[in-house]
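Undergrad: Okay, here's the prediction I keep looking at, along with the sequence it came from:
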Amino acid sequence: MTRRAIELLLLVALGAVWGWTKGSPAITFAGGLVGALAWSFLDGMRARRVLHWLNKGEAARAPNLGGTWGDLVERCRKVIKKLEKKAQSSDARLEDFLAAIQASPNGVVLLDASGRIEWSNLTAANHLGFDAQGDLGQYVRNMVRNPAFTAYMAGGDFGHEIQIDGPGPRPSQPTKILLQIHPYGKKRKLMITRDVTAVQLAEAMRRDFVANVSHEIRTPLTVLSGFVETMQSIPLEEADRTRYLELMSQQAHRMQTLVSDLLTLSRLEGSPSPGAGEWIDGEELLRHVVSEARGLTQAIAATPHEIEPVEGPGIGVSGAKTELLSAMSNLMSNAVRYTPGGGKIQAGWRMRPDGWGEFFVSDTGPGIAAEHVPRLTERFYRVDRSRSRETGGTGLGLAIVKHVAQRHGGRIDVQSALGEGSTFTMALPPSRVRERVSG
Ligand code: ADP
C-alpha cells in the first residue's frame, strides 16, 4: 500500500475514532469525513508545492516530499536536470559560436524580418558606426545613413555587394566598406561587411606605381626613338652622329639604371630579412662608397666636391653586405648630385649612447624644405625633378635606403633645412652594430 493511502486511512480512522468517542454513529461518520477532507487538503498542499516548483523549473530547488509525490518530484527533477544540462551545453556552444563570429575579421549583423538589428559583432559595429550592444533592436536603416545603403535595402536585390563609406579616423578619411546582405530563414537577413580600405589603398599605390614606371620609361624611350628616326631619315655629319649616339647612350643608360633600381626594390620587398650573418667592417664599406663618390664628382661636377670620410670608432655591421653598400652609396650619390660643385660632403659611422649605430652623410647642398621630408622615401617622389633627371636620378634611391634600413631593423632619418645642407642617417639597432671589428 502506498504512503498516501496509509495517510488517508489514518486520518479517516482518526476522525472516525474521534466521532466514535462522542458516542454517535453519525458523528463517527462525520469524523471520518473530516479526516478524509483533512487528508485531501494536505495532499492538495503538496500538489501545489510540486506545481509551484514545476512552474519555476529549477532542479536544485525541488521540494522535499515523501511517498508518491516524492517519487514524482524525483522523476521530474531528473528530467529537468537533463534538460538543464542540455540547455547549458547549447548555451556554451552558442557562446563559442558567437565568440568565433566576434573574432572574425568580417563584420556580421543579424537582422530580423523588419530590418532591426538582432545581433552584431564588434567588427560590423565599427565598420558601420553603431553600438553593438546599445543599438540592438534598432532599425539598421536608421543606423547606417548612407544613400547607397538605403537604396540597396529598399531595392531588395541582394545578389551583389555594395561599397559605402564607413567612419574613418577623420571625416575627410572615411573607410571603404564592402557590404552584402544574404537573406535566410523567414525574411531574416545576414549582413556581412568587409573593410577594404587597405586593399584599395594598395591597389591605388600599385596603379600609381605602374603609371610612374611607364612614365619614367616612356620619356627616355621617346627621346631614343626620336634620335633613331632622325638617324634613319637624315644623313648626318660625323660630329652630329657622334653627339646623337652619345645622347642615345645616355637615355639607354637612364633606362638601365631605372630597371636596375626597380629590380633592387623588388628583390628587397620580396625576400626575407637578412639574417645576422657575419660581421662586416663598416670602415671598409665607407672607403668603398667614398671612392665611388669621388669618381662621381669627377664625372659630373665642374668643380669637384670635397668628400671627407669621418673617422669612426671602428664599427662592425651584421647584415647583407650588398644591401648595405647599395644604401650607403645611394646616400653618397645623392649628396654629390644635389650639392653644387665644390661643396663639402662628410660621411662616416658613429655609435649613439643608446647602442644604435649610424651611417651618416652630411652635405652643404641646398637643403630640403620641411614639407618634403616625410615624403622623400616614397617611390618616385622628387623635390627637384629636373636636377634629379639631369644627374641620372630614378626617384627610387631613398626608397631603397629605407627598405634596406628596415630589413636590418633600422630606419632612415633626415635632418635638413632650406639653404643649410642636409644630413641623411641610416640608423641600425644594437643587434646589428658593434664597436671594433673582430672577424
Ligand atoms: P633621386 O633618384 O631623384 O635622387 P631619391 O629617392 O634618391 O631619388 O631622392 C628623392 C629626392 O630627395 C630627390 O629627388 C631630391 O629632390 C631629394 N634629395 C635626396 N638627397 C638629397 C640631398 N642630399 N640634398 C637635397 N635633396 C636631396
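TA: It's in.
Undergrad: Could you measure from Asp208 over to the ligand?
TA: 15 Å (C-beta to the nearest ligand atom, to the nearest Å). Placement of C-beta: from N, CA and C, glycine included.
Undergrad: next one: Leu11
TA: Leu11 is 106 Å from the ligand, by C-beta to the nearest ligand atom.
Undergrad: quick one: contacts for the closest residue to that residue other than its chain neighbours?
TA: Counting by C-beta to C-beta, 6 or more residues apart in numbering, Gly35 is the residue found nearest to Leu11 once chain neighbours are left out, at 3.9 Å. By C-beta atoms under 8 Å, 6 or more residues apart in numbering, the contact list for Gly35 reads 10-16.
Undergrad: For those residues, give me JSON lines that also has neighbour count and distance to Leu263.
TA: Shown next, in JSON lines, are the contacts of Gly35 (neighbours: other C-beta atoms under 10 Å; distance: C-beta to C-beta, whole Å):
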{"residue": "Leu10", "neighbour count": "12", "distance to Leu263": "105"}
{"residue": "Leu11", "neighbour count": "20", "distance to Leu263": "105"}
{"residue": "Val12", "neighbour count": "19", "distance to Leu263": "108"}
{"residue": "Ala13", "neighbour count": "14", "distance to Leu263": "111"}
{"residue": "Leu14", "neighbour count": "16", "distance to Leu263": "109"}
{"residue": "Gly15", "neighbour count": "23", "distance to Leu263": "111"}
{"residue": "Ala16", "neighbour count": "21", "distance to Leu263": "114"}
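Undergrad: out of the residues you listed, which one sits closest to Tyr184?
TA: Nearest to Tyr184 among those is Leu11, at 61.7 Å by C-beta to C-beta.
Undergrad: SS state for the closest one?
TA: helix (DSSP: H, G, I helix; E, B strand; the rest coil).
Undergrad: What of the one 4 residues further on?
TA: Under three-state DSSP, Gly15 falls in the helix class.
Undergrad: hmm, back to that, can you tell me the helix or strand for the residue nearest to Leu11?
TA: Assigned by DSSP states H and E, Gly35 belongs to helix 25-56.
Undergrad: Give me the buried positions along that helix.
TA: By neighbour count with 16 or more other C-beta atoms under 10 Å, helix 25-56 contains the buried residues 27-28, 30-32, 34-36, 38-39, 43, 46, 49-50, 53-54.
Undergrad: For the ligand, what's its nearest residue on the stretch 101-250 of the chain.
TA: Glu216 (10.3 Å; C-beta to the nearest ligand atom).
Undergrad: can you count the residues close to the residue lying closest to that residue once chain neighbours are set aside?
TA: Closest residue to Glu216 apart from its sequence neighbours, by C-beta to C-beta, 6+ apart: Leu258 at 5.5 Å. Leu258 is flanked by 19 other residues according to other C-beta atoms under 10 Å.
Undergrad: quick one: Leu33 and Gly15 touch, right?
TA: Yes - if you go by C-beta atoms under 8 Å, Leu33 and Gly15 touch, sitting 6.9 Å apart.
Undergrad: sorry, back to before: how confident is the prediction for the residue nearest to Leu11, by pLDDT?
TA: Model confidence at Gly35, given as pLDDT, is 91.
Undergrad: Got the phi and psi for Met351?
TA: Dihedral pair for Met351: phi -100, psi 140, per degrees, to the nearest 10.
Undergrad: just Glu58 next, same as before
TA: The phi/psi pair for Glu58 (degrees, to the nearest 10) is phi -100, psi 120.
Undergrad: and if you look at Lys176?
TA: According to degrees, to the nearest 10, Lys176 has phi -100, psi 120.
Undergrad: residues contacting it?
TA: 163, 165-166, 195-197, 200.
Undergrad: change it to 6 Å
TA: Contact analysis of Lys176 by C-beta atoms under 6 Å, 6 or more residues apart in numbering lists 196-197, 200.
Undergrad: Where do the strands of this protein begin and end?
TA: 107-111, 117-120, 162-170, 173-184, 188-195, 279-281, 306-310, 315-318, 344-351, 357-363, 411-416, 422-428, 433-435 (DSSP state E).
Undergrad: Any chance of a markdown table for these, columns distance to the ligand and mean pLDDT?
TA: A markdown table is the format used below for these (distance: least, C-beta to the nearest ligand atom, whole Å; pLDDT from 0 to 100):
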| stretch | distance to the ligand | mean pLDDT |
| --- | --- | --- |
| strand 107-111 | 39 | 96 |
| strand 117-120 | 46 | 96 |
| strand 162-170 | 28 | 91 |
| strand 173-184 | 26 | 95 |
| strand 188-195 | 31 | 96 |
| strand 279-281 | 23 | 94 |
| strand 306-310 | 13 | 97 |
| strand 315-318 | 21 | 95 |
| strand 344-351 | 9 | 97 |
| strand 357-363 | 5 | 98 |
| strand 411-416 | 7 | 97 |
| strand 422-428 | 4 | 98 |
| strand 433-435 | 23 | 93 |
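Undergrad: With distance to Arg77 as extra columns, can I get these in a markdown table?
TA: Output for the strands of the chain, formatted as a markdown table (distance: least, C-beta to C-beta, whole Å):
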| stretch | distance to Arg77 |
| --- | --- |
| strand 107-111 | 36 |
| strand 117-120 | 34 |
| strand 162-170 | 52 |
| strand 173-184 | 38 |
| strand 188-195 | 37 |
| strand 279-281 | 77 |
| strand 306-310 | 88 |
| strand 315-318 | 72 |
| strand 344-351 | 78 |
| strand 357-363 | 75 |
| strand 411-416 | 69 |
| strand 422-428 | 72 |
| strand 433-435 | 74 |
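Undergrad: Minimum distance to Ala5: which of those strands has it?
TA: That would be, of these and by C-beta to C-beta, strand 117-120, which comes in at 54.4 Å.
Undergrad: Would you mark the buried spots in the closest one?
TA: Within strand 117-120, the residues that count as buried by 16+ other C-beta under 10 Å are 117, 120.
Undergrad: Brilliant, that's me finished.
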